[in-house]
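Just a sequence and a predicted model for now, questions to come.
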Amino acid sequence: MQMEFYVYIVQSEKDGSFYFGQTNNLDDRLKRHNAGSEKYTSRKTPWKLFWHTKVSSRAEAMKLQKSSRT
């Protein structure tokens, strides 16, 4: 059984910057960003979900995440 993954973009409500990521639990990941639990995003809380899409594998999520940054 394959697990679904999400590729997402969150936007900082503090300064408008964006963070691109991938996860298998979008709700939990957003909570962790807003709780300051993630080192890279902790200084720019709060974060809001800007965009997301569901993909069928982690490999696909990583490929899409990488291509989103270019």
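Sure thing, it's come through.

tell me, what residue is most central in the protein?
Geometric centre of the chain, nearest residue: Gly21, 3.4 Å, by CA atoms, centre = their mean.

quick one: low-confidence parts of the chain?
In the predicted model of the chain, residues 1-2, 69-70 satisfy pLDDT under 70.

in which helix or strand would I find the residue nearest to the centre of the chain?
strand 18-23 (DSSP states H and E).

Strand partners (parallel or antiparallel) of that strand?
Sheet pairing for strand 18-23, assigned by DSSP bridges, gives strand 5-12 (antiparallel).

can you give me the helices for the protein?
Assigned by DSSP state H, the chain shows helices spanning 26-34, 58-68.

So for Lys14, which of those sits nearest?
Lys14 sits nearest to helix 26-34 of all the helices of the chain, at 11.2 Å, using CB to CB. All C-beta spots, glycine's among them, are computed from the backbone N, C-alpha and C.

Let me see the residues that make contact with the closest one.
Helix 26-34 is contacted from outside by 6, 8, 10, 19, 21, 23, 38, 41, 45-47, 49, 52, using CB atoms under 8 Å, 6 or more residues apart in numbering.

can you redo those as CSV with distance to Ala59?
Supplementary listing: these in CSV, determined by distance: CB to CB, whole Å:
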residue, distance to Ala59
Tyr6, 14
Tyr8, 17
Val10, 22
Tyr19, 21
Gly21, 15
Thr23, 14
Glu38, 22
Thr41, 24
Thr45, 30
Pro46, 31
Trp47, 26
Leu49, 23
His52, 18
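
Any chance of a ChimeraX selection covering the buried ones in those residues?
To isolate the buried ones among the contacts of helix 26-34 in ChimeraX, judged by 16 or more other CB atoms under 10 Å, type:
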select :6,8,10,19,21,23,41,47,52
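
nearest to Gln65, of the contacts of helix 26-34?
When those are compared against Gln65 (criterion: CB to CB), the nearest one is Gly21, at 6.9 Å.

pretty sure that closest one contacts Tyr8?
Yes - counting by CB atoms under 8 Å, Tyr8 is a contact partner of Gly21 at 5.6 Å.

any idea how far Arg32 is from Lys66?
As judged by CB to CB, to the nearest Å, Lys66 and Arg32 stand 21 Å apart.
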